[in-house]
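when you get a sec, could you give me coordinates for this:
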Amino acid sequence: MPKDRGIEPQRLPLQQTLDALPPQWSQDPLPEIRDIVARSVKKIVVFDDDPTGTQTVHDVPVLTEYSEDALSREMAEDLPVFYLLTNSRGLPETQARELNATIARNLAQASQRTSKDFVLVSRSDSTLRGHFPAEIDAIVDAIDLEYDGLIFTPFFLEGGRYTINNVHYVAEGDWLTPAGQTEFARDPAFSFQSSDIPAYVEEKTGGAVKADAVIMISLEDVRNGGPGRISEILSQVTGRTVVGVNAVSMRDIEVFVLGLLRTEGKRFIFRTAASLLRAMLGQEGRPLLTAVEMNAHDAGAGLTIVGSYLPRTTGQLDHLLTNAQVNGIEINVERLLFESYRANEIRCVQRQINETLHDGRDAVAFTSRELIAGDSVEDSLKIGERVSRALVEIAGSLETRPAYIIAKGGNTSSQIATEALGVRRAWALGQVYPGVPVWRLGQESRYQDMAYVVFPGNVGGDDALTQVVKRLRPS
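Coordinates of the predicted model:
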């Protein structure tokens with residue numbers, strides 16, 4: 001497994017590093033991007049490997065069903081984009097490939113039925129976790145999709161994920177830490193070593209794509225050359241080449257998108273974090289949602305369910321339990337894994353949640369914090385699935401409608417939405433905290449029009465979860 005090329009990247013001082021970069025491109029790309037999007041006959045279709053991909057956009061639909069009929073209806077809508085929640089990051093690779101291939105075949109049929117072409121985006125994690133390149137390969141093989149280049153863009157502003165000099169960094173306080181040296185790179189299901197993007201591609205493709213074959217768009221290209229330079233580079237891309245993008249600001253990624261849209265005669269597909277989608281739609285950031293906008297200000301008590309095990313999530317949970325008037329309810333994971341204890345543990349948690357909500361108090365149900373991992377990637381995913389199934393049972397047994405539901409963790413929020421709440425089509429309203437999207441649940445769901453907060457495990461400082469709860473319950 002290759003490591004980063006050359007000297008191992010070091011931590012960098014955040015502000016000093018950003019201040020040393022060339023000035024941003026001065027002209028605003030968004031008006032021209034919006035004009036091109038408005039005239040486009042292609043639909044942007046986002047295969048989202050967990051529910052957090054709407055964390056930078058607003059006023060877009062999210063589908064959790066993938067039938068040809070459902071996709072045809074959405075392709076025919078007068079909207080530039082829709083998201084498909086695959087939740088494939090929570091699946092073993094074989095199942096993730098099968099699911100992506102099935103959706104791709106249905107999408108190709110829907111495209112034919114509606115005579116509408118599409119731009120394919122595989123949205124995944126900004127800390128480089130996920131089934132790459134397996135998902136892309138499955139989609140391409142399933143529909144024999146021809147393309148010139150794969151755009152690889154892990155930049156995510158709200159989460160502090162920056163790509164500088166081809167190295168992908170995670171902002172931690174006042175420092176930039178190479179992604180391969182963070183807790184995320186040690187994820188038992190998606191571990192990796194390389195922070196350098198070309199080396200990462202070589203690592204994850206098992207050497208099928210060599211680092212030297214990856215084309216990188218530099219910050220000098222973006223900030224000094226502008227859209228014209230981007231288009232010049234992309235016009236030469238062919239043969240399914242991987243193209244990585246350096247970016248540290250929304251202006252950087254908007255300049256890249258405008259250069260991309262000006263490039264004629266080429267077809268690109270995308271493996272990207274969330275920020276690129278906002279630029280592709282020409283959207284500006286909007287203010288954080290208020291309790292009134294989320295319809296959560298006068299409807300009783302709320303429920304937070306925490307499934308993510310990331311250290312960042314644990315710090316946020318501790319802060320919430322200490323600094324907000326909530327009733328914490330622990331879910332003993334070890335008991336969930338033993339059949340003789342499982343049913344009783346679920347019943348006990350269900351009873352405590354229902355009593356808390358009935359009394360008008362906000363409830364916070366959380367899995368015990370010690371991570372129980374399997375002996376292999378597949379075993380770890382199976383353990384995670386067993387825990388998620390228990391959370392679905394718990395969330396599906398509520399006797400009182402909550403004012404809102406916050407689900408912490410990608411897999412947790414996906415399964416609760418689709419299985420406990422019956423969501424088939426939701427509307428992404430915007431964000432309640434930077435990088436934390438809110439859905440309005442559809443008419444088919446158990447709690448229509450409810451605010452459902454999809455809180456990624458890897459976003460925000462220690463007080464982020466507390467801030468979200470207080471924003472939903474301002475009184």
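
run the chain-centre distance for stretch 309-317.
With CA atoms, centre = their mean, to the nearest Å as the basis, stretch 309-317 stands 17 Å off its chain's centre.

no, scratch that, I was asking about stretch 327-337
Distance, centroid of stretch 327-337 to centroid of chain: 26 Å (CA atoms, centre = their mean).

do stretch 205-225 as well
That offset, for stretch 205-225, works out to 23 Å (CA atoms, centre = their mean).

any idea of the mean pLDDT for it?
Here stretch 205-225 scores 98 as its mean pLDDT.

for it, buried residues please.
Of all the residues in stretch 205-225, those buried under the rule 16 or more other CB atoms under 10 Å are 205, 209, 211, 214-219, 221-223, 225. (C-beta placed from N, C-alpha, C; glycine too.)

over to stretch 327-343?
327-329, 331, 333, 335-336, 342.

quick check: the two most widely separated of those?
Largest separation among the buried residues of stretch 327-343 by CB to CB: N327 and R342, giving 22.8 Å.

surely H131 touches D50?
No - with contact defined as CB atoms under 8 Å, H131 does not reach D50; the gap is 11.4 Å.

mutual contacts of these two, please.
Common contacts of H131 and D50, defined by CB atoms under 8 Å, 6 or more residues apart in numbering, comprise R89.

name the element the residue of the chain positioned farthest from its centre belongs to?
Distance from the centre of the chain peaks at S340, with 35.6 Å (CA atoms, centre = their mean). For S340, the host element (DSSP states H and E) is helix 339-358.

now that helix - C-alpha only, PDB.
Taking C-alpha atoms only, helix 339-358 is exported to PDB below (Å, rounded to 0.1, in the frame of the first residue of the first chain):
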ATOM      1  CA  GLU A 339     -29.600 -12.000  21.800                       C
ATOM      2  CA  SER A 340     -30.700 -12.900  25.400                       C
ATOM      3  CA  TYR A 341     -30.400  -9.200  26.500                       C
ATOM      4  CA  ARG A 342     -31.200  -7.400  23.300                       C
ATOM      5  CA  ALA A 343     -35.000  -7.200  23.500                       C
ATOM      6  CA  ASN A 344     -35.100  -6.100  27.100                       C
ATOM      7  CA  GLU A 345     -32.500  -3.400  26.500                       C
ATOM      8  CA  ILE A 346     -34.600  -2.000  23.600                       C
ATOM      9  CA  ARG A 347     -37.800  -2.100  25.700                       C
ATOM     10  CA  CYS A 348     -36.100  -0.300  28.600                       C
ATOM     11  CA  VAL A 349     -34.800   2.500  26.300                       C
ATOM     12  CA  GLN A 350     -38.200   2.800  24.600                       C
ATOM     13  CA  ARG A 351     -39.900   3.200  27.900                       C
ATOM     14  CA  GLN A 352     -37.500   5.900  29.100                       C
ATOM     15  CA  ILE A 353     -37.800   7.900  25.900                       C
ATOM     16  CA  ASN A 354     -41.600   7.800  25.900                       C
ATOM     17  CA  GLU A 355     -41.800   8.800  29.500                       C
ATOM     18  CA  THR A 356     -39.500  11.700  28.900                       C
ATOM     19  CA  LEU A 357     -41.300  13.000  25.800                       C
ATOM     20  CA  HIS A 358     -44.700  12.600  27.500                       C
END
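
can you name the residues in contact with the helix or strand following it?
Per DSSP H and E, the first helix or strand lying C-terminal to helix 339-358 is strand 362-367. The contact list for strand 362-367 (CB under 8 Å, 6+ apart) reads 301-307, 309, 317, 320-321, 324-331, 333, 349, 352-353, 356-357, 387, 391, 394, 469, 473.

tell me the strands beside strand 362-367, with direction?
Here strand 362-367 has these sheet partners by DSSP bridges: strand 303-306 (parallel), strand 326-331 (parallel).

show me the shaky parts of this protein.
1-7, 297-299, 474-475 (pLDDT under 70).

for it, which strand is longest?
strand 425-433 (DSSP state E).

only C-alpha atoms, please: export the biggest helix by length in the chain in CSV.
Ordering each helix of the chain by length in residues (DSSP state H) puts helix 93-114 first. Taking C-alpha atoms only, helix 93-114 is exported to CSV below (Å, rounded to 0.1, in the frame of the first residue of the first chain):
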residue,chain,number,x,y,z
GLU,A,93,-18.3,-3.2,-0.5
THR,A,94,-20.0,-6.1,-2.4
GLN,A,95,-23.5,-4.8,-1.4
ALA,A,96,-22.5,-1.2,-2.0
ARG,A,97,-21.5,-2.2,-5.6
GLU,A,98,-24.7,-4.1,-6.2
LEU,A,99,-26.9,-1.2,-4.9
ASN,A,100,-25.1,1.5,-7.0
ALA,A,101,-25.3,-0.7,-10.1
THR,A,102,-29.1,-1.3,-9.6
ILE,A,103,-29.8,2.4,-9.1
ALA,A,104,-27.6,3.3,-12.1
ARG,A,105,-29.6,0.9,-14.4
ASN,A,106,-32.9,2.3,-13.2
LEU,A,107,-31.6,5.8,-13.7
ALA,A,108,-30.5,5.0,-17.3
GLN,A,109,-34.0,3.7,-18.0
ALA,A,110,-35.6,6.8,-16.5
SER,A,111,-33.3,8.9,-18.6
GLN,A,112,-34.5,7.2,-21.7
ARG,A,113,-38.1,7.4,-20.7
THR,A,114,-37.9,11.2,-20.0
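
which other helices and strands contact it?
Judged by 3 or more CB pairs under 8 Å, 6 or more residues apart in numbering; DSSP states H and E, the packing partners of helix 93-114 are strand 43-48, helix 68-76, helix 134-143.
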